[in-house]
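S.K.: Sequence first, then the predicted structure:
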Amino acid sequence: MRHLNKKKTLDRNKAGRRALLANLAESLILYEKIKTTKAKAKAVKSVVEKMVTIAKKNTLASRRELIKKLYTKNAVQKLMDVLGPRYAEKKGGYTRMIALKSRIGDGAEESIIEFV
């Protein structure tokens, strides 16, 4: 039983889940809108919101913190230069999820996650 285990495993081990969330977060940051399954969108939402909160500080320490979590410098640069200042006054809720139809092949619920 999974008592007191609140994280979404997404049917992956820790390394695979971390890589998946980093890739989804990076795609969302670079393109500002991605289409994925509902479970992955819910999982990546909290990751991206925390990254935007870190980017709002706009310090060297926050830049290094984001470099540890993301793969490319383009994503970090966009977070610090574009998205951080855009949401400087906002306290949270930087993303929105829009539900779509179920996928034909496997019936997975799809959704679009995008920045507000």
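M.R.: On my side now, so go ahead. Residues are numbered from 1 along each chain as shown.
S.K.: residues of stretch 89-101 that come out buried?
M.R.: Within stretch 89-101, the residues scored as buried using 16 or more other C-beta atoms under 10 Å are 94-95. Just so you know, the C-beta spots here come from the backbone N, C-alpha and C atoms, and that holds for glycine as well.
S.K.: the strands in the protein, which residues?
M.R.: 33-37, 95-102, 109-115 (DSSP state E).
S.K.: With mean pLDDT and distance to Thr59 added, can I get these in TSV?
M.R.: Below are these laid out as TSV (pLDDT from 0 to 100; distance: least, C-beta to C-beta, whole Å):
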stretch	mean pLDDT	distance to Thr59
strand 33-37	97	28
strand 95-102	96	23
strand 109-115	97	22
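S.K.: how about a markdown table for those strands, with distance to Ala75 added?
M.R.: Output for the strands of the chain, formatted as a markdown table (distance: least, C-beta to C-beta, whole Å):
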| stretch | distance to Ala75 |
| --- | --- |
| strand 33-37 | 13 |
| strand 95-102 | 15 |
| strand 109-115 | 13 |
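S.K.: which stretch among the ones you listed comes nearest Leu10?
M.R.: The closest of the strands of the chain to Leu10 is strand 33-37. By C-beta to C-beta, the value is 9.1 Å.
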